[in-house]
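1. here is a sequence together with a model predicted from it:
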Amino acid sequence: MKAIWNGKVLAESDHTVVVENNHYFPVDSLNKDFFKESALQTTCPWKGVASYYTIEVDGSENKDAAWYYPETSSAAKPIEGMVAFWKGVIIED
């Protein structure tokens, strides 16, 4: 699987985990040059507190377009620390 935005591959892995129709990528599959920490945090009732990354590619910014759960509830352990995308990021084989 690949996560693509603005023509660049943000992440690529054969080992994503799908939860609620979102592919969660292992952190070591990210091209870290495109990611910067965001101050945003949200809470999911069954997964826990999510943190976000803003994506920057070729001078364009996609604010809070990736999220991850640094620590999950016991029900969501398979995605702990893994990264998912939205806001126009394309996920493809």
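-> Ah, there it is.
2. Val9 pairs with what?
-> In this entry, Val9 is beta-bridged to Ile4, by DSSP bridges.
3. residues contacting it?
-> Neighbouring residues of Val9 by Cβ atoms under 8 Å, 6 or more residues apart in numbering: 2-3, 31. In short, each C-beta sits where N, CA and C put it, glycine included.
4. possible to save those as a markdown table with neighbour count, pLDDT and distance to Ser51?
-> Converted to a markdown table, these look like this (neighbours: other Cβ atoms under 10 Å; pLDDT from 0 to 100; distance: Cβ to Cβ, whole Å):
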| residue | neighbour count | pLDDT | distance to Ser51 |
| --- | --- | --- | --- |
| Lys2 | 16 | 98 | 22 |
| Ala3 | 27 | 98 | 17 |
| Asn31 | 14 | 98 | 18 |
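5. for the residues you listed, which one is nearest Val89?
-> Proximity of the contacts of Val9 to Val89 (Cβ to Cβ) peaks at Ala3, which lies at 5.4 Å.
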